[in-house]
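Engineer: Generate a structure from the sequence data that follows.
(2 chains)
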Amino acid sequence: GDSVTQMEGPVTLSEEAFLTINCTYTATGYPSLFWYVQYPGEGLQLLLKATKADDKGSNKGFEATYRKETTSFHLEKGSVQVSDSAVYFCALFDGGGNKLTFGTGTQLKVEL
Amino acid sequence: DAGVIQSPRHEVTEMGQEVTLRCKPISGHNSLFWYRQTMMRGLELLIYFNNNVPIDDSGMPEDRFSAKMPNASFSTLKIQPSEPRDSAVYFCASWQGLSGNTIYFGEGSWLTVV
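Structural biologist: Here you go, the predicted model:
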């Protein structure tokens, strides 16, 4: 079945550091890929998405590229801020199965 | 659009009581999902509906859990009787049903069973 594997957290960075959160997936079809963010005490918000191979999703300085050859969708940001502290979830959506499969989430802590 | 609306946002109840969580999906979305989030198990899909019909309820943990969608604008998730291990955040999400479209989540219902 479909699965998503994320790097374990927590990830602790200093403000303005470079961020990478790794995400790899297994899927039988051609899924869409998403990054969702969950701030403390809140629900999940869509951060960015990519619907086909080589697409790059971007939002708020975050980027991720859909790499079919490595089945990856790593999240990157060039300079993180304290306000980016949250839990980040990688997810894939298999339209055929109508199911959004999540990774376990990676907690990011950004310190001054 | 107001987004996916869930109620209650927070509920504390005693073990054995019935709990009903409610969800109003985004207008025009024809798929609705119920997820549960816990520290131990992360995000789990409990059930999803397509055009108000339950399609996959394999994630529902046991018979104490039931979900209904009587019309396109309303769904409930019921736990009867509730147990402390049901304490979690329950998210409702909706989707327009087109490939590549985003699934939108509600703010969640934070349930504590004591």
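
Engineer: use CA for all of it now, contacts and neighbours both
Structural biologist: Noted.

Engineer: Mind listing what's buried along the one helix or strand A:Leu47 maps to?
Structural biologist: Element membership of A:Leu47 [criterion: DSSP states H and E] is strand A:44-50. For strand A:44-50, burial by neighbour count (16 or more other C-alpha atoms under 10 Å in any protein chain shown) applies to A:Leu44, A:Gln45, A:Leu46, A:Leu47, A:Leu48, A:Lys49, A:Ala50.

Engineer: which one of the residues you listed is nearest chain B?
Structural biologist: Among the buried residues of strand A:44-50, A:Leu44 lies closest to chain B (C-alpha to the nearest C-alpha), at 6.0 Å.

Engineer: Grab the nearest non-local neighbour of the closest one.
Structural biologist: Using C-alpha to C-alpha, 6 or more residues apart in numbering or on different chains and skipping the chain neighbours, the partner closest in space to A:Leu44 is A:Gln38 (4.8 Å).

Engineer: Alongside chain A, which residues does chain B contribute?
Structural biologist: B:Gly42, B:Leu43, B:Phe91, B:Ser99, B:Gly100, B:Thr102, B:Tyr104, B:Phe105, B:Gly106, B:Glu107, B:Gly108 (C-alpha under 8 Å from any C-alpha of the partner chain).

Engineer: Quickly list what the nearest residue to the last one once chain neighbours are set aside is bridged to.
Structural biologist: Translated: B:Gly108. Of all residues not flanking B:Gly108 in the chain, B:Phe91 sits nearest, at 4.4 Å (C-alpha to C-alpha, 6+ apart). Applying DSSP bridges to B:Phe91 yields these beta-bridge partners: B:Tyr35.

Engineer: OK, contacts around B:Phe91?
Structural biologist: Going by C-alpha atoms under 8 Å, 6 or more residues apart in numbering or on different chains, B:Phe91 touches A:Gly43, B:Gln6, B:Trp34, B:Tyr35, B:Arg36, B:Gln37, B:Phe105, B:Gly106, B:Glu107, B:Gly108, B:Ser109.

Engineer: so where does A:Leu108 fall, helix or strand?
Structural biologist: Per DSSP H and E: strand A:106-111 holds A:Leu108.
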